[in-house]
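>>> Build me a model:
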Amino acid sequence: MGIWHQIAQYLFLKKKEKNEEPGSLIKYMHGINRISIFLFLFAIIIMIIRFAKSC
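Model (predicted):
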């Protein structure tokens, strides 16, 4: 359950300090990381489904 909480916390990242604006490069980096996490989870789900069908 801990890993799912960490993933959810990262995907719905909120600013810790209200006065600080993150740079645009940091925003892009977080966006790309979110896309890669979603693609990884999608691939794992597809692999599990294919494995379950073959058994």
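
>>> low-confidence ranges in the protein?
Applying pLDDT under 70 to the chain flags residues 1, 11-22.

>>> Helices along that one, start to end?
2-11, 24-54 (DSSP state H).

>>> want to throw those into TSV with mean neighbour count?
Backbone N, C-alpha and C define where each C-beta goes, glycine included. Conversion of the helices of the chain to TSV gives the following (neighbours: other Cβ atoms under 10 Å):
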stretch	mean neighbour count
helix 2-11	10
helix 24-54	10
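
>>> Hmm, Y10 is touching I37, no?
Yes - Y10 is within contact range of I37, at 7.5 Å (criterion: Cβ atoms under 8 Å).

>>> Restrict stretch 27-44 to CA atoms and write it as PDB.
The C-alpha coordinates for stretch 27-44 follow below in PDB (Å, rounded to 0.1, in the frame of the first residue of the first chain):
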ATOM      1  CA  LYS A  27       7.100  21.700 -14.700                       C
ATOM      2  CA  TYR A  28       8.100  20.000 -17.900                       C
ATOM      3  CA  MET A  29      10.200  17.400 -16.100                       C
ATOM      4  CA  HIS A  30       7.300  16.500 -13.800                       C
ATOM      5  CA  GLY A  31       5.000  16.200 -16.700                       C
ATOM      6  CA  ILE A  32       7.300  13.900 -18.600                       C
ATOM      7  CA  ASN A  33       7.800  11.800 -15.400                       C
ATOM      8  CA  ARG A  34       4.000  11.500 -15.000                       C
ATOM      9  CA  ILE A  35       3.600  10.300 -18.600                       C
ATOM     10  CA  SER A  36       6.300   7.700 -18.100                       C
ATOM     11  CA  ILE A  37       4.700   6.400 -14.900                       C
ATOM     12  CA  PHE A  38       1.300   6.100 -16.600                       C
ATOM     13  CA  LEU A  39       2.900   4.300 -19.600                       C
ATOM     14  CA  PHE A  40       4.800   1.900 -17.300                       C
ATOM     15  CA  LEU A  41       1.600   1.100 -15.300                       C
ATOM     16  CA  PHE A  42      -0.300   0.600 -18.500                       C
ATOM     17  CA  ALA A  43       2.300  -1.800 -19.800                       C
ATOM     18  CA  ILE A  44       2.300  -3.800 -16.600                       C
END
